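Peer 1: Quick one, structure for this:
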Amino acid sequence: MFRRPMTFLMCGGLFASTSQAGLPVQNGERLSYRVSWAVVRGAGEIKVTAQQEPGADGPRLAVTATTATRRLARMLLPFDAEAKSIFDLKTGRLVSLQETSQQRGKRSEHQVSFAQRH
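Peer 2: Residues are numbered from 1 along each chain as shown. Next up is the predicted model:
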């Protein structure tokens, strides 16, 4: 239900410009969205946070998104996910992406790391 939109949200940084000002979120920002599913209002919630972290090659920005169904939607389709994207603040490039999700007892995980061109 939420898996593809969440991955799309996190991968959106691939198209950001190469400057820090071009990143879609900045250090310390927090966003929260309520999601409706057909006629089920408040079916889920998506929270996005951005936090600066130290990296081997300089500071990085960690953008984390958590998604979960709530209320009636959770009874019909329990779903939880977390995705974390790491951006190099010098270049604005996406360094890595990892995502975990759980739906009806089935756990899914994947991770992608991008090689740096020198």
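Peer 1: C-alpha from now on. contacts and neighbour counts both.
Peer 2: Fine.
Peer 1: After the host helix or strand of A50, which helix or strand is next?
Peer 2: Element membership of A50 [criterion: DSSP states H and E] is strand 40-53. Counting by DSSP H and E, the next helix or strand C-terminal to strand 40-53 is strand 60-69.
Peer 1: circling back to that earlier point, now do the strand holding A50: distance to the chain's middle.
Peer 2: 9 Å (C-alpha atoms, centre = their mean, to the nearest Å).
Peer 1: strands paired with it, and their directions?
Peer 2: Partners of strand 40-53 in the sheet, by DSSP bridges, are strand 30-37 (antiparallel), strand 60-69 (antiparallel).
Peer 1: Alpha carbons of it, as CSV, please.
Peer 2: C-alpha atoms of strand 40-53 as CSV (Å, rounded to 0.1, in the frame of the first residue of the first chain):
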residue,chain,number,x,y,z
VAL,A,40,-10.9,5.6,5.3
ARG,A,41,-9.7,8.9,6.7
GLY,A,42,-6.5,8.9,8.8
ALA,A,43,-5.5,5.5,7.5
GLY,A,44,-1.9,6.1,7.9
GLU,A,45,0.9,8.5,8.8
ILE,A,46,4.2,9.4,7.2
LYS,A,47,6.9,11.2,9.2
VAL,A,48,10.0,12.6,7.5
THR,A,49,13.0,14.0,9.5
ALA,A,50,16.4,15.3,8.4
GLN,A,51,19.4,15.2,10.7
GLN,A,52,23.1,16.0,10.0
GLU,A,53,25.6,13.2,10.7
